[in-house]
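Peer 1: I need the structure of the sequence given here:
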Amino acid sequence: MKTEDGFEMQFGVNHLGHFLLTNLLLGLLKNSAPSRIVVVSSKLYKYGEINFEDLNSEISYNKSFCYSRSKLANILFARELARRLEGTGVTVNSLHPGILNEYSLIKILKKTLAFILSLWKIQPVVCVHTFKRLNIHLFYSGESLPHRGRNKMPVSK
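Peer 2: Sure, this is the predicted structure:
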């Protein structure tokens, strides 16, 4: 599937749309400093790679790979934007929201998957309170977080 502009759908929706919106708002964000940009990504970015020879996945399409690539692009964008905006009063961070404790999500998880995860002592629900606190901090705190542009992830106990 492709966007109206001919880009691979997940890359277009998950990255290019946010990239464009952020760039359109940059002037306002700089003039409103201190301000912040929070890019929501995913820890699945680790499985993505950006192949400029096949950016639209026309040679080989894999839905999971395309998602991971779009999230990697988010993180690379956040890092570069943080570098470019250094000293302007605009901070940039990216975060992985974790797996939220939603009834609908738990319904979707298959019993088999929950069992397999339990073998490695991985909880299917990752610390929703940490995510909420991180979001609140990133959105409302006046202080700058260390490692601008780096991806933040909630940690499960």
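Peer 1: Next, please give the residue ranges for the helices of this structure.
Peer 2: Secondary structure of the chain (DSSP state H): helices at 9-11, 17-31, 63-84, 103-108, 111-119, 128-140.
Peer 1: among those helices, which gets the worst mean confidence?
Peer 2: Note on these: lowest mean pLDDT is at helix 103-108, with a mean of 51.
Peer 1: Contact partners for residue 50?
Peer 2: 69, 72, 73, 76 (Cβ atoms under 8 Å, 6 or more residues apart in numbering). In short, each C-beta sits where N, CA and C put it, glycine included.
Peer 1: In contact with residue 61, which residues?
Peer 2: Contacts of residue 61 by Cβ under 8 Å, 6+ apart are residue 8.
Peer 1: bridging residues for residue 36?
Peer 2: Beta-bridge pairing for residue 36 (DSSP bridges): residue 91.
Peer 1: Now for it, how many residues are close by?
Peer 2: 19 (other Cβ atoms under 10 Å).
Peer 1: thought it was touching residue 89?
Peer 2: No - taking contacts as Cβ atoms under 8 Å, residue 36 lies outside contact range of residue 89: 9.5 Å.
Peer 1: For residue 6, which non-adjacent residue is spatially closest?
Peer 2: residue 56 (7.3 Å; Cβ to Cβ, 6 or more residues apart in numbering).
Peer 1: Surely that neighbour and residue 7 touch.
Peer 2: Yes - counting by Cβ under 8 Å, residue 56 does reach residue 7; the two are 6.2 Å apart.
Peer 1: Report pLDDT for the residue nearest to residue 6.
Peer 2: If you check residue 56, the pLDDT there is 79.
Peer 1: ok, now residue 60?
Peer 2: As predicted, residue 60 sits at a pLDDT of 81.
Peer 1: May I have the phi/psi pair for it?
Peer 2: Dihedral pair for residue 60: phi -150, psi 120, per degrees, to the nearest 10.
Peer 1: mind listing what the closest residue in space to residue 35 that isn't next to it in sequence touches?
Peer 2: Once flanking residues are discounted, residue 35 sits nearest to residue 29: 4.5 Å by Cβ to Cβ, 6+ apart. Shown in contact with residue 29 (Cβ under 8 Å, 6+ apart): 35, 37, 90.
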